[in-house]
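> give me a 3D structure for the following:
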Amino acid sequence: MLTIRFNRTGKKNRASFRIVLQESAKAPNHRHVEVLGSHDPHSKTTVLKRERILHWIGVGAQPSDSVRNLLVSQGVIEGKKSAIKMPRPVKKEEEAPSESGEAKAEETSAAE
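Residues are numbered from 1 along each chain as shown. Here you go, the predicted model:
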């Protein structure tokens, strides 16, 4: 399946991104089918090939969540931005004692 996603370029601490069409199974920095634009988050400049993006979406390519939000904000596609949030990591050490403490409290109340 083809996907439209970011390909990071630029220097350390000064990232810029290419928007590329690529096979979804490939790593992001590997060979791509076509370059569809670029985005510089520091200067807030975005260059897009609108016709080619719409063509590939019409053919069946799926944009990644971040690229989809960028395309919606630039007015290339219509829709609502999706929230992209990383889940908070859960520490296993904190979960285990609280669960076992609750289990012991339930056992003692059931025994009474």
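> make it CA atoms for all contacts and neighbour counts henceforth
OK.
> can you map out the strands along this structure?
For the chain, the strands identified by DSSP state E occupy 2-11, 14-23, 34-40, 45-48, 62-63, in order along the chain.
> what's the average pLDDT for the last one?
For strand 62-63, the mean per-residue pLDDT is 93.
> ok, the fourth one next?
Per-residue pLDDT values over strand 45-48 give a mean of 94.
> quick one: the helices in the chain?
Listed in chain order, the helices of the chain (DSSP state H) span residues 50-59, 65-74, 92-111.
> rank the ones you listed by mean pLDDT and give me the bottom one.
Set side by side, those show their lowest mean pLDDT on helix 92-111, which sits at a mean of 57.
> redo the strands of the chain as JSON lines? Include mean neighbour count.
Shown next, in JSON lines, are the strands of the chain (neighbours: other Cα atoms under 10 Å):
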{"stretch": "strand 2-11", "mean neighbour count": "18"}
{"stretch": "strand 14-23", "mean neighbour count": "19"}
{"stretch": "strand 34-40", "mean neighbour count": "18"}
{"stretch": "strand 45-48", "mean neighbour count": "14"}
{"stretch": "strand 62-63", "mean neighbour count": "20"}
